[in-house]
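Visitor: have a look; sequence and predicted model below, questions after that.
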Amino acid sequence: MVFEAMVEGWVMATAVEGSPDNVQADAGTLPTVMGKVRRPDPLRIEVARTLKSFIIGGNLPFGTHPVETELAQSLGVSRLPVREALQLLAQDGWVDLRKGFGAFVHTPSAKEVDEVFSVRTVLEAEAARQAAVVIAEGRADKQEIVRLKDVFEEGVKEMEVGHKAAIGDKNSELHFAIVDLTGNSVLGSMVSLIEERVRWYFGAIALRRAPASWEEHAQVIDAILAGDSSRAHDLMAQHCERSRIGLLDMSMSGFAKDD
């Protein structure tokens, strides 16, 4: 009854003051069009996201056979969302489903790695070039420059500690910091499409590659901050190419041989 009285009062007020289209809403009045309340993601999506982070971080290495019951117990869920999550991950190539045996973390082939890192070289060399141009033209966001320097220093510290997962995270963060410095959202979106794969693959050689990698990062950053677009492009291309070659060293990476 109280709600009905409130509605009746509002109708009478609008009748006196004019049509609803011409009435300006008072403070606290609900907007005419409201967005839908966002529902939590289904449990299978959350489980898939968690398992993918384990795979990328190296907690579930190539070829690992994740047992549904063990995963369910570890994550505190039933087996069904785990099974559904593994099926979702299989669709995106993170795990392989083998009939009668279950799911196994996908072991990338040399061809897969080569293709991803070849594309990465083109995109990130261009990002370094554009970032240097932005610096040279005085259009750089000072906060982005500070962020780039901070991430580099944080990465050096993680390298000295030898924390594999953190090295991979900082490597990815530094490359994104360079992309963000360009202000090119399209380039950023394209890099994002392959970044998870890059992090996953790079984890195979993160510790071995880290000292040389961060020295190369320093050279790239110096070229960018100097506004030398040509040098920044070439140094980044060389850096990505060295990572690609290191990953294709089958004796060290653990990737599958091509058929």
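Guide: Happy to help now that I have it.
Visitor: and the host helix or strand of residue 49, what's its mean pLDDT?
Guide: Counting by DSSP states H and E, the element that carries residue 49 is helix 43-56. For helix 43-56, the mean per-residue pLDDT is 96.
Visitor: run the chain-centre distance for it.
Guide: Centroid separation between helix 43-56 and its chain, computed with Cα atoms, centre = their mean, to the nearest Å, is 13 Å.
Visitor: so what touches that helix?
Guide: The contact list for helix 43-56 (Cβ atoms under 8 Å, 6 or more residues apart in numbering) reads 40-41, 60, 66, 71, 75, 77, 81-82, 84-86, 88-89, 94-95, 105, 196, 199-200, 203. Where C-beta positions appear, they are placed from N, C-alpha and C, glycine not excepted.
Visitor: pLDDT score for the nearest residue to residue 57 once chain neighbours are set aside?
Guide: Leaving aside its sequence neighbours, residue 57 sits nearest to residue 165 (Cβ to Cβ, 6 or more residues apart in numbering; 4.9 Å). Here, the pLDDT recorded for residue 165 equals 85.
Visitor: residue 165 and residue 206: what is the separation?
Guide: 8 Å (Cβ to Cβ, to the nearest Å).
Visitor: the two: which is more packed in?
Guide: residue 206 (23 against 15; other Cβ atoms under 10 Å).
Visitor: wait, that one touches residue 171, no?
Guide: Yes - counting by Cβ atoms under 8 Å, residue 206 sits close enough to residue 171 to count as a contact (7.3 Å).
Visitor: contact partners for the closest residue to residue 219 other than its chain neighbours?
Guide: Residue nearest to residue 219 in three dimensions, not counting chain neighbours: residue 235, with 5.2 Å by Cβ to Cβ, 6+ apart. Residues near residue 235 by Cβ under 8 Å, 6+ apart: 128, 216, 219, 220, 223.
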